[in-house]
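Visitor: My questions are about this predicted structure, shown below with the sequence.
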Amino acid sequence: MTLLIRDDPLLAPPMTDLQKPSITRQLKQNFQLLVVSLVVILLVGNGVIWQLFEASEQNRQILVHVSKQNALGQQVIKAALSMHEEIEPLFRQAYLQELRQTLQEWEVGHADLKKRPPRYRLGR
């Protein structure tokens with residue numbers, strides 16, 4: 001069992017000038033690969049985050065629209081009950097006009113909700 005000098009890292013001959021550029025070139029290539037990989041990861045991550053924000057904005061818009069529809073529905077009920085309870089014909093006429101106008105707004109909003117892509121439709 002003889003120990004060869006070339007197997008011992010402490011006794012190994014010094015690197016030749018031809019070997020040094022090869023190591024430098026390899027380090028540069030590894031560094032470039034690392035930088036490119038990081039850029040790709042950042043771009044993909046940014047794209048995913050952007051899609052989440054976009055979906056969040058669409059959900060927010062739907063919630064605002066649905067909340068408005070809910071308020072209009074409550075206004076319809078209030079106008080109908082007020083018209084039913086009112087004795088004065090002039091006030092009844094005003095409540096009837098409010099009821100018609102609110103129902104028309106509600107129908108337009110409902111039609112808009114139905115036009116949305118299937119993913120964002122409510123009450124499928």
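Guide: Now that the structure is in, tell me what you want to look at.

Visitor: and the most centrally placed residue in the chain, what element?
Guide: With the centre of the chain defined as its mean C-alpha position, the nearest residue by Cα atoms, centre = their mean is L52, 2.1 Å away. When secondary structure is defined using DSSP states H and E, the element that contains L52 is helix 19-85.

Visitor: Beyond that helix, next helix or strand please.
Guide: Trace forward from helix 19-85 with DSSP H and E and the next one is helix 89-115.

Visitor: one step back: for the helix holding L52, packing partners?
Guide: Packed against helix 19-85 by the contact rule (3 or more Cβ pairs under 8 Å, 6 or more residues apart in numbering; DSSP states H and E) you find helix 89-115. No exception for glycine: its C-beta is placed from N, CA and C like everyone else's.

Visitor: Show me what the helix it packs on packs onto, helices and strands only.
Guide: Under the contact rule (3+ Cβ pairs under 8 Å, 6+ apart), helix 89-115 is packed against helix 19-85.

Visitor: what's the angle between the helix it packs on and helix 89-115?
Guide: Regarding helix 19-85 and helix 89-115, their directions subtend 150 degrees when assessed with axes from the mean of the first three to the mean of the last three Cα atoms, to 10 degrees.

Visitor: Spatially nearest residue to H110, not counting backbone neighbours?
Guide: Nearest in space to H110, with sequence neighbours left out and distances taken as Cβ to Cβ, 6 or more residues apart in numbering, is Q69 at 6.7 Å.

Visitor: Can you get me a residue count around that neighbour?
Guide: Using other Cβ atoms under 10 Å, the number of residues around Q69 comes to 17.

Visitor: go on, Q58?
Guide: Using other Cβ under 10 Å, Q58 is surrounded by 14 other residues.

Visitor: repeat for the one 5 residues further on
Guide: When neighbours are counted by other Cβ under 10 Å, L63 registers 10.

Visitor: again with the one 10 residues further on
Guide: With neighbours defined by other Cβ under 10 Å, the count for G73 comes to 15.

Visitor: That one contacts W106, correct?
Guide: Yes. G73 sits in contact with W106 when judged by Cβ atoms under 8 Å, with a separation of 6.5 Å.
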